[in-house]
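J.: coords please:
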Amino acid sequence: MTKKKNNWFSENIDDDIAKTLINLKVTLSNGKVVSRDFTPEIGIDYDLLEEELEKTPSVFAFWSLVLAEQKAAVMVIERNIAAKKADVLKLIKEEEKAHEINFTRKDIEDVLKGDDRLKSLDNMLIMAKKRESKLFAIVKSLEMKSEHIRSLAGFKRQEMRQP
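T.: Model (predicted):
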């Protein structure tokens, strides 16, 4: 069997774009940063199918755990947003009571949209969800790779048994 590498990215995607799309940086809950180009993880070295087959579960587990960390980060940001909104709404209610006025729903939405901390948290959430989506794509690709490798390894074993 000839050696065949995954060249799809290099053949179809500009290097500058690939660096942005394929590179991933995730901050774990302990503060450490995982920064990787995941292209090698989804490529297959056809000459080393057995080794690829053996290491794939570990690689899959690693990226699944990183995905879990990212999902937790998204949930933390979502909770922070909810808490900040509650704080802002509490201040609005206090203002209404103190000045005997009622803000309209539009007024409240404008105050929430204008809050700098909420805007910052919303931007953090967007980036966190982007990283979560990338990690999901990596895990899905690894599932597909695992299935493909098992199939190829089976064919390779059959070829080796034939006289």
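
J.: center of the protein - which residue?
T.: residue 132 (2.4 Å; CA atoms, centre = their mean).

J.: Would you mind pulling up the elements that the longest helix that the chain contains packs against?
T.: In the chain, taking DSSP state H as the definition, the longest helix is helix 49-99. Secondary-structure packing of helix 49-99 (3 or more CB pairs under 8 Å, 6 or more residues apart in numbering; DSSP states H and E): strand 23-27, helix 105-114, helix 116-161. Where C-beta positions appear, they are placed from N, C-alpha and C, glycine not excepted.

J.: what number of residues lie near residue 17?
T.: Neighbourhood size, residue 17 [other CB atoms under 10 Å]: 10.

J.: would you list the helices and strands packed on helix 49-99 in CSV and tack on mean pLDDT and distance to residue 53?
T.: Shown next, in CSV, are the helices and strands packed on helix 49-99 (pLDDT from 0 to 100; distance: least, CB to CB, whole Å):
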stretch, mean pLDDT, distance to residue 53
strand 23-27, 77, 24
helix 105-114, 93, 52
helix 116-161, 87, 5
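
J.: and residue 63, which of these is closest to it?
T.: Judged by CB to CB, the one of the helices and strands packed on helix 49-99 that comes nearest to residue 63 is helix 116-161, at 5.0 Å.

J.: quick one, the closest one and strand 23-27 angle?
T.: Calculated by axes from the mean of the first three to the mean of the last three CA atoms, to 10 degrees, helix 116-161 forms an angle of 120 degrees with strand 23-27.

J.: So which elements touch helix 116-161?
T.: strand 23-27, helix 39-42, helix 49-99.

J.: hmm, back to that, of all the helices and strands packed on helix 49-99, which lies closest to residue 56?
T.: Of all the helices and strands packed on helix 49-99, helix 116-161 sits nearest to residue 56, with 4.8 Å by CB to CB.

J.: and the closest one, how far out from the chain's middle?
T.: 8 Å (CA atoms, centre = their mean, to the nearest Å).
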